[in-house]
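>>> What follows is a predicted structure for the sequence shown.
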Amino acid sequence: MNKEQVYQILLKQAKSLVDKQVDDVANMANVSRLIMEHFPHHWIGFYRVVNNELILGPFNGPIACTRIQLGKGVCGTAWQLQQTQIVADVHQFPGHIACSALSNAEIVVPCVRNNEVYAVLDIDSTEFGAFDNVDATYLEELVSYL
Ligand code: SME
């Protein structure tokens with residue numbers, strides 16, 4: 001199976017998994033685990049906007065930093081610009097926040113509701129250049145189910 005085919009299965013499962021009757025935390029917990037089952041990256045999780053900061057939310061992977069300011073790191077940049085960030089080599093990204101020395105590439109997708117970012121989905125890989133526009137397209141679709 002190629003990456004697109006795996007994402008198509010993932011999206012189908014996510015659609016039936018996400019329960020609009022429960023809060024974001026419950027759905028983010030299942031969605032981060034679901035992604036990990038299909039794409040076993042180093043770290044997969046959410047940061048939520050709480051009191052104008054990004055605060056660590058549900059994740060799968062090693063312990064991570066708990067607070068990120070607007071415009072800081074890859075996550076804070078995705079939040080500020082309301083734009084998916086694909087970083088092929090995090091060591092070249094100015095202000096990258098290294099939660100784990102093993103991360104080499106990263107993708108961060110903003111989760112938007114009523115034109116406002118309320119969370120970001122962050123995926124870290126040990127492999128340089130792990131993410132591309134295919135990941136961006138499918139992950140943007142995925143977060144729209146939340
Ligand atoms: N590297 C991120 C911080 C979050 S961790 O990767 C889990 C950043 O630069 O925003």
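Yes, it's here. Numbering: from 1, shown residues only.

>>> wait, doesn't Val112 sit right on Tyr118?
Yes. Here Val112 lies in contact with Tyr118, judged by Cβ atoms under 8 Å, at a distance of 7.3 Å. To be clear about C-beta, it is placed using only N, CA and C from the backbone, and glycine gets the same treatment.

>>> mind listing the strands in this protein by residue range?
43-50, 53-60, 67-68, 85-87, 105-113, 116-125 (DSSP state E).

>>> any chance of those in JSON lines, plus mean pLDDT and distance to Leu142?
Formatted as JSON lines, the strands of the chain follow (pLDDT from 0 to 100; distance: least, Cβ to Cβ, whole Å):
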{"stretch": "strand 43-50", "mean pLDDT": "98", "distance to Leu142": "11"}
{"stretch": "strand 53-60", "mean pLDDT": "98", "distance to Leu142": "14"}
{"stretch": "strand 67-68", "mean pLDDT": "97", "distance to Leu142": "21"}
{"stretch": "strand 85-87", "mean pLDDT": "98", "distance to Leu142": "15"}
{"stretch": "strand 105-113", "mean pLDDT": "98", "distance to Leu142": "8"}
{"stretch": "strand 116-125", "mean pLDDT": "98", "distance to Leu142": "8"}
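
>>> Kindly reformat the ones you listed as CSV containing distance to the ligand and mean neighbour count.
Listed next are the strands of the chain as CSV, based on distance: least, Cβ to the nearest ligand atom, whole Å; neighbours: other Cβ atoms under 10 Å:
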stretch, distance to the ligand, mean neighbour count
strand 43-50, 5, 22
strand 53-60, 7, 19
strand 67-68, 6, 18
strand 85-87, 8, 21
strand 105-113, 6, 22
strand 116-125, 5, 23
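
>>> in the chain, what residue is nearest the ligand?
Across the chain, no residue is closer to the ligand than Gly73, which sits at 2.7 Å (Cβ to the nearest ligand atom).

>>> end to end, how far does stretch 59-73 reach?
Criterion Cα to Cα, to the nearest Å; first-to-last residue distance in stretch 59-73 is 18 Å.

>>> Sweet, I'm off.
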